[in-house]
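Engineer: requesting a structural model of the entry that follows:
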Amino acid sequence: MLDKANDSIARAAASNSQGAVDALVQCQDTAICIGTYLETFGEAYVSIVNILEEYCEILYQMSVDISDENQFRKHTKRVTKLLTKLKNTVTYEMPEDRKEVVFLPYKASMWDSLESVWKAADADENTDAYVIPIPYYDKNPDGSFRQEHYEGDLYPDYVPITGYDEYDFEERRPDAIYIHNPYDAANFVTSVHPFFYAENLRKYTDKLVYVPYFVLREIKPDEQEAIDGMKHFCFTPGVIYAHQVIVQSENMQQIYINEYIKAAKEYGLSGEHIDRAFLEKKILGLGSPKLDKVMNTKKDDLEIPAEWLRIIEKADGSWKRIIFYNTSINALLKHNEKMLHKMESVFEIFKENREKVALLWRPHPLIESTLTSMRPQLWEVYQELRDRYVEEGWGIYDDSADLDRALLLSDAYYGDASSVVQLFQTAEKIVMMQVVDDAV
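Structural biologist: Numbering: from 1, shown residues only. Purely as a prediction, here's the structure:
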């Protein structure tokens, strides 16, 4: 910009000296502003600041000699050489521009939806990557906050954790912020702290990125009946306020865009909200980090608890078949007591066959929060059933943050419809769906 301004000033000086002087003042103000800003970064930028100071001095001489054509021409040539020097210094001597990227998981069990992205950022020598687990709350039926949860101590040892109260978002303004919770205040069961709502985080970065914590069954853009069952994911606050959204496939990208536009029109929104070209740049089908985690983790790398091995190993040291049993929130809310009877029946069958098969029960991590908020009478019965299963000790109860350990250990999936199904299919393992009916 300064280079172009120099050419324009040189042409205008003879015919419009006052206009040229005004332009020189603007260039000087710009150089001073840049130099003052760069000084805050310390000695690494001293050479650039010195060039800018020399540039400002020449501009002053140009304004003094504006009516002396020969002197003015000499000053103009000096400016041209100095700006060339400035370009070369910026290109070849200036330190690499470092980026600061922040990851804001809330549940440790969902960290796999961000981990591969964090690993790539952490491996970049010009990027400072911060993992900042954030607090979340159970909700009362009236929407007020109840118990606070913070899971910063549940992440893998290789993930350095920064406290959410140690990082000043307003002062540091990171280059990018990654989130995996899209709901803001719209979740009836839990909520992250309101400061970390997508609507608010957008104020502190130019690149808020939302990556779903789940993986959905792959469907095509023309399968509307299947789409109707998941379209609510396409127009959440996280999708609306994020600058970029990463979904699991190109088909899912088109589904998100189609359903986003429909919902936006229903709410009377316009502009970029219904601009397909804009949304195709915002919503990208680049794949899910959860699938990356499954494909890149090896069974031999797992640390298996001794109490799990006691259940898994046969008397001769060989392993039983391990069945991953998943119970979902949706199934409990839909079937209520019938679902609990089904679970009890499942436990009895696996208990009878425990010498051949090991059951690894991993319920959805938000079941307690959901039931206590929406089905308190159901929670008491569920809790009794869970406690009895754990006390009897013939099966594995996994409420840890490490979903991938359970997935890689298991030979097959049995349970409710869930995003975990997609992970088992990616790992090319057997999937069996649980049916809850009167025959339990």
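Engineer: helices of the stretch 251-400 of the chain, residue ranges please.
Structural biologist: For the stretch 251-400 of the chain, helices defined by DSSP state H, counting those that start in this stretch occupy the ranges 276-282, 289-296, 306-312, 329-335, 337-352, 367-374, 376-392.
Engineer: could I get the ones you listed as JSON lines with mean pLDDT?
Structural biologist: Shown next, in JSON lines, are those (pLDDT from 0 to 100):
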{"stretch": "helix 276-282", "mean pLDDT": "96"}
{"stretch": "helix 289-296", "mean pLDDT": "84"}
{"stretch": "helix 306-312", "mean pLDDT": "96"}
{"stretch": "helix 329-335", "mean pLDDT": "92"}
{"stretch": "helix 337-352", "mean pLDDT": "96"}
{"stretch": "helix 367-374", "mean pLDDT": "89"}
{"stretch": "helix 376-392", "mean pLDDT": "95"}
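Engineer: scan the helices and strands of the chain for the one with the lowest mean pLDDT.
Structural biologist: helix 2-12 (a mean of 78; mean pLDDT, DSSP states H and E).
Engineer: show me what it is packed against.
Structural biologist: helix 17-39, helix 69-92 (3 or more CB pairs under 8 Å, 6 or more residues apart in numbering; DSSP states H and E). Any C-beta I mention is one placed from the backbone N, CA and C, and that applies to glycine too.
Engineer: re earlier: ok, which of the helices of the stretch 251-400 of the chain comes nearest H232?
Structural biologist: Nearest to H232 among the helices of the stretch 251-400 of the chain is helix 329-335 (12.1 Å), distances taken as CB to CB.
Engineer: please save the CA atoms from that closest one in PDB.
Structural biologist: C-alpha atoms of helix 329-335 as PDB (Å, rounded to 0.1, in the frame of the first residue of the first chain):
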ATOM      1  CA  ILE A 329     -30.400 -41.500  26.700                       C
ATOM      2  CA  ASN A 330     -33.000 -41.600  23.900                       C
ATOM      3  CA  ALA A 331     -33.900 -45.200  24.500                       C
ATOM      4  CA  LEU A 332     -34.500 -44.600  28.200                       C
ATOM      5  CA  LEU A 333     -36.600 -41.500  27.700                       C
ATOM      6  CA  LYS A 334     -38.600 -43.300  25.000                       C
ATOM      7  CA  HIS A 335     -39.200 -46.600  26.700                       C
END
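Engineer: residues touching it, excluding its own?
Structural biologist: 339-340, 342, 364, 366-367, 370-371, 374-375, 378, 382, 416-417, 434, 436 (CB atoms under 8 Å, 6 or more residues apart in numbering).
Engineer: stretch 70-90 now?
Structural biologist: Under CB under 8 Å, 6+ apart, the answer for stretch 70-90 is 2-3, 6, 9-10, 13, 47-48, 51-52, 54-55, 58-59, 61-62, 65-66.
Engineer: buried stuff in it?
Structural biologist: Of all the residues in stretch 70-90, those buried under the rule 16 or more other CB atoms under 10 Å are F72, H75, T76, R78, V79, L82, L83, L86.
Engineer: same question for stretch 361-377.
Structural biologist: Neighbour-count burial for stretch 361-377 [16+ other CB under 10 Å]: 361-375.
Engineer: for stretch 259-278, same thing?
Structural biologist: For stretch 259-278, by 16+ other CB under 10 Å, it's E259, Y260, I261, A263, A264, H273.
Engineer: ends of stretch 134-152, how far apart?
Structural biologist: 8 Å (CA to CA, to the nearest Å).
Engineer: again with stretch 225-241
Structural biologist: Terminal-residue distance, stretch 225-241 (CA to CA): 27 Å.
Engineer: any buried residues in it, and which?
Structural biologist: I227, M230, K231, F233, C234, F235, T236, P237, G238, V239, I240, Y241.
Engineer: quick one: the helices and strands packed on helix 2-12 as a markdown table, columns for mean pLDDT and distance to Y155 too.
Structural biologist: Converted to a markdown table, those look like this (pLDDT from 0 to 100; distance: least, CB to CB, whole Å):
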| stretch | mean pLDDT | distance to Y155 |
| --- | --- | --- |
| helix 17-39 | 87 | 36 |
| helix 69-92 | 86 | 39 |
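Engineer: dump those to a markdown table, plus distance to K320.
Structural biologist: Output for the helices and strands packed on helix 2-12, formatted as a markdown table (distance: least, CB to CB, whole Å):
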| stretch | distance to K320 |
| --- | --- |
| helix 17-39 | 65 |
| helix 69-92 | 63 |
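Engineer: among the ones you listed, which comes closest to K293?
Structural biologist: Nearest of the helices and strands packed on helix 2-12 (CB to CB): helix 69-92, 38.9 Å.
Engineer: now the closest residue to P160 other than its chain neighbours, what are its backbone angles?
Structural biologist: In space, and not counting its chain neighbours, P160 is closest to V131: 6.6 Å by CB to CB, 6 or more residues apart in numbering. Phi and psi for V131, reported as degrees, to the nearest 10, are phi -100, psi 120.
Engineer: outline the domain layout of the protein.
Structural biologist: 2-92, 99-292, 298-433 (automatic domain parsing).
Engineer: which of those domains comes out lowest on mean pLDDT?
Structural biologist: By mean pLDDT, the lowest-scoring of the domains of the chain turns out to be domain 2-92, with a mean of 85.
Engineer: all good on my end, thank you.
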